[in-house]
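Q: My questions concern the predicted model and sequence given below.
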Amino acid sequence: MAPADSEIFAPLLHQTAHAWRLKLDQRLKPMGLSQAKWRTLLHLSRAEASLTQAEIAARLGIEEPTLVNLLHRLEKSGWVVRREALHDRRCKTVHLGRRAAHVIDEINTAASELRHELIHGISANDLKICIRVLKKVRNKAEEGVRNGRMARKGNDTR
């Protein structure tokens with residue numbers, strides 16, 4: 001018996017995102033960028049304001065101690081610079097270093113080329129439907145996460 005579409009959806013979504021990241025990873029490796037590095041640099045470059053280490057960890061979906069080790073390596077190599085946050089000396093904000101400023105355009109170009117290659121041949125209508133469905137799923141998932149955090153915080157009134 002074939003699995004129902006609803007049983008295939010989540011694994012397929014995960015596998016697709018994973019394969020896409022691996023493909024981009026292959027293209028960026030010659031620049032000396034691992035997936036962890038280029039994802040961090042892209043998040044920093046797309047942020048409207050400087051990000052704290054905690055904000056970057058949340059965006060990447062990793063634990064803060066893991067990020068601290070990554071940031072240490074990135075800083076040592078000149079990819080990023082960490083500074084004391086203006087609002088709280090205990091926090092560090094992370095900024096793109098000189099070395100990163102030069103490769104952000106290359107990362108974006110490689111990502112754009114890959115995106116074009118991977119969606120080439122998919123009709124505009126199919127793409128719109130896919131985007132609409134993914135947005136609905138993401139919104140429901142994020143709503144559950146937000147509600148879960150709020151419920152835990154609300155129950156913490158000891």
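A: Yep, it's here.

Q: low-scoring pLDDT stretches of this protein, where are they?
A: The model of the chain has pLDDT under 70 over residues 1-2, 144-158.

Q: which residues in it form helices?
A: Under the criterion DSSP state H, the chain contains helices at 5-28, 35-46, 53-60, 64-76, 98-119, 124-155.

Q: which residues are contacting the fifth one?
A: Looking back up the chat, that one is helix 98-119. With contact meaning CB atoms under 8 Å, 6 or more residues apart in numbering, helix 98-119 is reached by 20, 23-24, 27-28, 31, 33, 38, 41-42, 44-45, 77-80, 96, 127. Backbone N, C-alpha and C define where each C-beta goes, glycine included.

Q: Now do the contacts for the spatially most central residue of the chain.
A: Centroid-nearest residue in the chain: residue 60, 4.6 Å away (criterion: CA atoms, centre = their mean). By CB under 8 Å, 6+ apart, the residues touching residue 60 are 36, 39-40, 43, 67.

Q: ok, now residue 96?
A: Shown in contact with residue 96 (CB under 8 Å, 6+ apart): 41, 44-45, 79-81, 104.
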